[in-house]
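Asker: heads up, no residue letters with this:
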């Protein structure tokens, strides 16, 4: 486990020598101490990224040349998949099969953007047809410059790669700041890019607190782009900071996503996808379908089966075989989730199952998988993101009512609908105000498809070609080609 920052292609101790404890959320044990970067370290990282972009070879390389580095990074991740997945579980708490899935996706992300980097070579420009034949014009895409990526703790390496891979493919240089509570796999990414001989300064990794290292990054005048995934309040602060220098910004923020289950649905499938939609990664998922709307005709049976199956979920240390629900990432997160459940209880919500810390777990930040019913529409449990294994279930009568209830939210990240009637599923999907809509499933995520939300769930899109465009500027180049003089001032 590493304890240095990665700046300008080299490992370096923080200038002020600070560290922070890394705690295994399953045991509450301090397993390591990470390097606490400060504004002084950020200054070095930004200068290195600026130098690598303004004077280095990276942005001037062909897409095919950059793609070779990206594929080497993908291979480096795959070669260490089991080791990195174990670190992710120790750091974050998620079950090891989920961590392995995440790390495999992270490697695939680099392969995907390597392909898009090569495609940029094949389509470097777009001809523009002008109304005035005396001119010819084209649009070209160029890298934005120096980008900062601030990533969350729920998918530590994967969320980093969602930003690092497209930024590097586009020709940008980057400073990555992982979440303080889950920094270990980001530091290993530094080792992997160093082994791939990535040019110095192209990727810099500074760990530390958001209030110190993160703030220094978003305030730095030599940064061109800010990419953030996390909470709405922090996203708002980042957007305000970006406005001062007119920095480019992309934000992937919170959600309170609905899942509409119509009465023609297969109940077993509906229960399975409901559970996957809220209990995967302990519910620490921005797109989690935490508001489940079930048509009245199957509501009682659905709820009965959901409670039965929820009780069977094996809770425990993510490194143990068969565990499907690990601990919350930190004591702070556990306390916040438990406080939200207590607030729901005080608001008159019925707890059908769960509702506290599981019996027998004296150590670790564990919360029982929890199903809430009789949830008032005005309650925080229905309206606000809990970010834990807590789902609200309500009945509905008609398609029109379900759509109104689903869209009645300040968020618009994701939504899901389940029905055997394809026409109805398509109709409802079109009516839902969300950037991601799943039909007859919940949560599958693909590198090829756009990811992002409406309303207070963020700005911009990640993944697919949309994520690539996040790191590219469009330049118009227009040429006067007529043999006739312009003849405006000089006759």
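Answerer: Good, I have the coordinates. In this text, all values refer to a predicted model and were calculated from it rather than measured experimentally. Numbers count the residues shown, from 1 in each chain.

Asker: list the contacts of residue 284.
Answerer: For residue 284, the contacting residues are 153-154, 328-329, 333, 387-388, by Cβ atoms under 8 Å, 6 or more residues apart in numbering. C-betas here are computed from N, CA, C, even on glycine.

Asker: now the residues you listed in CSV, with neighbour count and distance to residue 169?
Answerer: Conversion of the contacts of residue 284 to CSV gives the following (neighbours: other Cβ atoms under 10 Å; distance: Cβ to Cβ, whole Å):
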residue, neighbour count, distance to residue 169
153, 20, 25
154, 24, 24
328, 25, 34
329, 27, 29
333, 22, 33
387, 23, 31
388, 27, 34
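
Asker: and those, which of them are in helices?
Answerer: Among the contacts of residue 284, the members found in helices (DSSP state H) are residue 333.

Asker: of the contacts of residue 284, closest to residue 372?
Answerer: residue 388 (11.6 Å; Cβ to Cβ).

Asker: that closest one contacts residue 335, doesn't it?
Answerer: No. Between residue 388 and residue 335 no contact is recorded; they are 10.6 Å apart, counting by Cβ atoms under 8 Å.

Asker: how far away from the center of its chain is stretch 226-233?
Answerer: Distance, stretch centre to chain centre, for stretch 226-233: 9 Å (Cα atoms, centre = their mean, to the nearest Å).

Asker: just the endpoints, please. Distance across it?
Answerer: Using Cα to Cα, to the nearest Å, the gap from the first to the last residue of stretch 226-233 comes to 16 Å.

Asker: give me the contact list for that stretch.
Answerer: Residues from elsewhere that reach stretch 226-233, judged by Cβ under 8 Å, 6+ apart: 147-152, 159, 162-163, 167, 217-218, 234-235, 238, 241-242, 247-254, 286, 456, 462, 470.

Asker: nearest residue to the residue most central in space within the chain other than its sequence neighbours?
Answerer: Compute the mean C-alpha point of the chain, and by Cα atoms, centre = their mean the closest residue is residue 159, 4.7 Å away. The spatial neighbour of residue 159 that comes closest, neighbours along the chain excluded (Cβ to Cβ, 6 or more residues apart in numbering), is residue 151 at 4.2 Å.

Asker: kindly report the same for residue 107.
Answerer: residue 77 (4.0 Å).

Asker: that neighbour contacts residue 195, doesn't it?
Answerer: No. In this structure, residue 77 is not within contact of residue 195 by Cβ under 8 Å, at 10.7 Å.

Asker: of those two, who's got more company?
Answerer: Taking other Cβ atoms under 10 Å, residue 77 and residue 195 do not tie; residue 77 has more neighbours (25 against 14).

Asker: distance of the more buried one from residue 205?
Answerer: Spatial separation of residue 77 from residue 205 under the definition Cβ to Cβ, to the nearest Å is 15 Å.

Asker: give the next helix or strand downstream of whichever strand or helix holds residue 259.
Answerer: According to DSSP states H and E, residue 259 maps onto strand 258-261. Reading on from strand 258-261 to the C-terminus, the next helix or strand found by DSSP H and E is helix 267-279.

Asker: give me the contact list for the helix or strand following that following helix.
Answerer: Tracing the chain past helix 267-279, the next element assigned as helix or strand by DSSP H and E is strand 291-295. The contact list for strand 291-295 (Cβ under 8 Å, 6+ apart) reads 256-263, 270, 274, 277-278, 302-303, 382, 391-397, 402, 405-406, 409.

Asker: now that we have these, which of them are buried?
Answerer: By neighbour count, with 16 or more other Cβ atoms under 10 Å, the contacts of strand 291-295 hold 256-263, 270, 274, 277-278, 302-303, 382, 391-396, 402, 405-406, 409 as buried.

Asker: state the number of residues packed around the closest residue to residue 388 other than its chain neighbours.
Answerer: Sequence neighbours aside, residue 337 is the residue nearest to residue 388 in space, at 3.4 Å (criterion: Cβ to Cβ, 6+ apart). One way to gauge burial is a neighbour count; for residue 337, by other Cβ under 10 Å, it gives 22.

Asker: check residue 27 too.
Answerer: In terms of burial, residue 27 registers 16 neighbours under the definition other Cβ under 10 Å.

Asker: and it, how close does it get to residue 103?
Answerer: In this structure, residue 27 lies at 22 Å from residue 103, with Cβ to Cβ as the measure.

Asker: and what of residue 130?
Answerer: 49 Å.

Asker: kindly report the same for residue 331.
Answerer: When Cβ to Cβ is the yardstick, residue 331 and residue 103 sit 26 Å from each other.

Asker: what about residue 28, how many residues close to it?
Answerer: Using other Cβ under 10 Å: residue 28 sits among 14 other residues.

Asker: burial of the nearest residue in space to it that is not next to it in sequence, as a residue count?
Answerer: Using Cβ to Cβ, 6+ apart and skipping the chain neighbours, the partner closest in space to residue 28 is residue 363 (5.2 Å). Summarising burial for residue 363: neighbours were counted as other Cβ under 10 Å, giving 13.

Asker: please apply the same query to residue 407.
Answerer: Residue 407 is flanked by 16 other residues according to other Cβ under 10 Å.

Asker: which residues does it contact?
Answerer: Neighbour list for residue 407: 258, 431-433 [criterion: Cβ under 8 Å, 6+ apart].

Asker: which SS state does residue 341 fall under?
Answerer: Of the three states, residue 341 takes helix according to DSSP: H, G, I helix; E, B strand; the rest coil.

Asker: that one: how many residues sit nearby?
Answerer: Neighbour tally, residue 341, other Cβ under 10 Å: 22.

Asker: the residue nearest to it when sequence neighbours are not counted in helix, strand or coil?
Answerer: The shortest distance from residue 341 to any non-neighbouring residue, by Cβ to Cβ, 6+ apart, is to residue 355 (5.5 Å). Assigned with three-state DSSP, residue 355 falls in the coil class.

Asker: and stretch 237-251, what's buried?
Answerer: Along stretch 237-251, the positions that meet the burial threshold by neighbour count (16+ other Cβ under 10 Å) are 237-239, 241-242, 247-251.

Asker: most widely separated two among those?
Answerer: Across these, the longest distance by Cβ to Cβ is 16.6 Å; it joins 237 and 248.
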